[in-house]
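Trainee: need coordinates for the following:
(2 chains)
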Amino acid sequence: MEINSRSSRIFQLVSGVIFVLICALTLIPVLRVIAISFSSKSAILAGQVFVFPVGFTMEAYHKVFGNINFLRSFVYTIVLTLGFTAISMMMTILAAYPLSKKGLKGGSIIMTLFVLTMYFDPGTIPTYLNVKSFGLINTAWSLIIPGSLSAYNLIIMRSFFTSIDKSLYESAYIDGCSEWKALYKIAVPLSVPAIATLSLFYAVWRWNNVSDVLYYINKSNLYTVQMMLKQMIDSVKISLLEGKTSQLAADNIKAASIVISMTPMLIAYPFIQKYFTKGIMLGAVKG
Amino acid sequence: MVRKSLLKCTGFLLTAVLTASMLTACGSNTDSGSTTATDNGTTASNDTDNGETQEINVMIWDRGSSAPGTSNEENEMTKWIQEQVLEACNVKVNFVAVPRSGSDDKLNVMMAGGNAPDIVFSYNQSIFSNFASNGGLADLTDAYAKYGTDIQTNIGNIQYMGVVDNKQYAIMKRRGQQVPRHVSYIRKDWLDALGLSIPKTKEELFTVLEAFKEKNPGNVSDVVPWAMGGSTDTEKFYLSFVGSYVAELSEEDAYVYAENYKVFADGAIDGLKKLNELYNKGLITQDFATDTTTDIFKQDVSAGNAGFILADATEIFDLIPTLQSSVDGAEFVPLNCFDTPEGEYINPTEPLYGMYVMVPKTSESKADACVKYLNWLSDATNAENVMYTPEHTLDSAGVPVSMLQDELNEKGYPGNIADYNIVNDHFSFVDNKDSVVDQWANTYNFLSTDWFNSLYTVMNTNQYLYPTYPVVLESETTYGAKLSTMAIEYAYKLISCKSDEFDSLQQSEYKKLVTAGLETVLNDRRAYYEQNVAKK
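Mentor: Here you go, the predicted model:
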């Protein structure tokens, strides 16, 4: 390929510019939130803030970090997310590995049952009743166990295991490896990209999901940070319904809370990113 | 071989994992006694008057405004309530936090799961009506008669709204000060600059709007004579104006066209047509319907571009400080200028009742204790101590001074203490002009007492209550929510279309509304009125 030909260079330049523009477009809303979090209240209300802070102030961050409830919830949510991700990955791997084997009796029936959960949603109330009768209401487990296995992720994981060359397993069996050993000595180390990717899927889901927190938790000290954010952000709409003037959380404090709550995922992402494309692609091609 | 049997074993294990992960279907096992993890239902004691302390769980809204280190379930306020109620009624009150946003959804789920707190509440009439007619609520009739004497004396007049099939299924919360839903404001400094007086009629308003547009008295780059926004969940931007084109309604018609349906009453089209004319003359925010978050509306007001607005009654309090700092001498004043065909003004207000406070069927045995607690709350002194904290002070006019969130949190109270006051907001001072003005002026000290005096006068001119009945018709449940949004879109489309397309668009949009159930709802309301109200 002639990379240096003139038309090719023009093409690269033009597509480069276009992609930079697209990136900029997706970045603007994020930058705007960050700018608002550092701006003064009056500048925000007057609509002067676009992507650069106006009337720079750290006040919002002082306020948010000064609120011990928010910080406690923040730490709790991180621990919850880590725990959830670990448990989910364990469930997923332990389910996907045997299902990736041809010899598993009833494997296809089990797989069909898993897939059925992707098509049929039991609805909020039956799920709630189920969680309730397991005695999980008002415990952190209600935020871990019900969502701890996603059929979608299971399928990706299974395809990944299937794509590992059989001869690798066979050589292990000849050396006297048990299935357990084959799983953690061969399958898991070879599947790091998929595991990293799916962990991210699980972690992001747990971090962002609020509906189960709303339904299963009745104690405010078990609220996740996203739940607290939702309360703050929806406060305007609600005070209208109640027909009263209430003190609303200022825009800059909302923005600061949003920035803080998205930081952990932003930090985690670059470390996992190198596996990311590889993970999804590898499971996709079989044969 | 070993491998094969292991695989088999895993098969069973997998099935177990699968069952756990599905957490679906078979969810009806409600009586398995596994409520150990919940706060509720653990303290049932059936007797009422044998001196034994009863324990009740009361829902409390959580708005994320608790003081550091406390929660909405445990703080200085709850401690005080617990002590007082234990002493006064021999009832121990515990609180169960429910996030304010999503509270109705959660309530539905908890009711279905049979583990709702003993006292729950919602502003939503459909939810109440649904629970009541499906046997989800405890009948409070006897308890109310026996232990609800203070409720009867203080706010008995609104309790009819909680009656279904002659049974008291809810205690109605009384709202506080009666204020119109929407109030209009105009830039006084612009009027002064043009030598015009505050308009008293719609005709005068049109003249003023044109003058604002032509002469740009504020000398702003982008003058917006009448600023509007495009939120699809409120009619605030146009309803009072359009409603003023409708001749006085009989009680029947007032019920049929109550509130958001008024845009379909006879004459309302003229109002929409007039708005369309103003829009096409450039007197109304261009493309306002795209401003669904009303950010542009707020910016226009606070940056000093807007000359006239019609909005939620006191919404402007939030915007005025910014306006004052960005434009010297800028002054918005409240006014009544939408004269009706009878030459009057009409200011529809919120109904006097607010929330439906209910006791779930599962807590029937505690109905007496619940009503005792609600009765205690309906007492004006108790309510005042809950609403403003027990350590509140009174100002010179005898009005309780409300604390801001920071101050509340410092003392260990949550920012939303008002949410603990679930029965009676109707304090004696809210009916007294001086007290109300005084309280406003203390809370919003960037505006003068005179300003609030005129606001009070504007707000209390010809207040109007739509007739309300304790019923949600079936067709309203089916079509209501969608129709409200469609009605707002109907208005926005008609206001902002080209003038020569108005009539044809009106017809086609109205047809869509009819398909969506509009006439069914209106006819059902009329039929309900004729059968249940007119005949009595």
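
Trainee: residues contacting the closest residue to residue B:137 other than its chain neighbours?
Mentor: Spatial nearest neighbour of residue B:137, excluding adjacent residues (Cβ to Cβ, 6 or more residues apart in numbering or on different chains): residue B:169 at 4.6 Å. Where you see a C-beta, it was placed from the backbone N, CA and C, and this is true even at glycine. Residue B:169 makes contact with B:128, B:131-132, B:137-140, B:162-163, B:358, according to Cβ atoms under 8 Å, 6 or more residues apart in numbering or on different chains.

Trainee: same thing but at 7 Å, please
Mentor: Residues near residue B:169 by Cβ atoms under 7 Å, 6 or more residues apart in numbering or on different chains: B:132, B:137, B:139-140, B:162, B:358.

Trainee: kindly state the pLDDT recorded for it?
Mentor: Listed pLDDT for residue B:169 reads 96.

Trainee: how much space between it and residue B:286?
Mentor: Between residue B:169 and residue B:286 the computed distance is 49 Å (Cβ to Cβ, to the nearest Å).

Trainee: can you list the residues of the stretch 251-400 of chain B near chain A?
Mentor: B:295, B:298-299, B:302-303, B:312, B:314, B:317, B:319, B:322, B:325-326, B:350 (Cβ under 7 Å from any Cβ of the partner chain).

Trainee: what about residue B:480, neighbour count?
Mentor: For residue B:480, the count of nearby residues is 16 (other Cβ atoms under 10 Å in any protein chain shown).

Trainee: just the element for it, please.
Mentor: When elements are defined using DSSP states H and E, residue B:480 is found to belong to helix B:474-496.

Trainee: what's the answer for residue A:137, then?
Mentor: Assigned by DSSP H and E, residue A:137 falls within no helix or strand.

Trainee: can you tell me how far it is from residue B:96?
Mentor: Going from residue A:137 to residue B:96 by Cβ to Cβ gives 11 Å.

Trainee: surely residue B:387 meets residue B:421?
Mentor: Yes. Contact status for residue B:387 versus residue B:421: in contact at 4.4 Å, counting by Cβ atoms under 7 Å.

Trainee: please parse the chain into its domains.
Mentor: Chain wasn't specified; assuming chain A. Domain ranges of chain A: A:1-57, A:67-284, per automatic domain parsing.

Trainee: was after chain B, sorry
Mentor: If you go by automatic domain parsing, chain B breaks into B:48-176+B:354-388, B:182-348+B:466-534.

Trainee: which one of those lies closest to residue A:174?
Mentor: Set against residue A:174 and scored by Cβ to Cβ, the domains of chain B come closest in domain B:48-176+B:354-388, at 54.7 Å.

Trainee: mind checking how far residue A:266 is from chain B?
Mentor: The span separating residue A:266 from chain B equals 23 Å under the rule Cβ to the nearest Cβ, to the nearest Å.

Trainee: other SSEs contacting the helix or strand hosting that residue?
Mentor: Assigned by DSSP H and E, residue A:266 falls within helix A:251-284. Contacts defined by 3 or more Cβ pairs under 7 Å, 6 or more residues apart in numbering or on different chains; DSSP states H and E place helix A:251-284 against helix A:6-37, helix A:41-45, helix A:59-66, helix A:151-163, helix A:192-208, helix A:225-241.

Trainee: that older thread, so of the contacts of residue B:169, which ones are in strands?
Mentor: Assigned to strands by DSSP state E, the following of the contacts of residue B:169 qualify: residue B:358.
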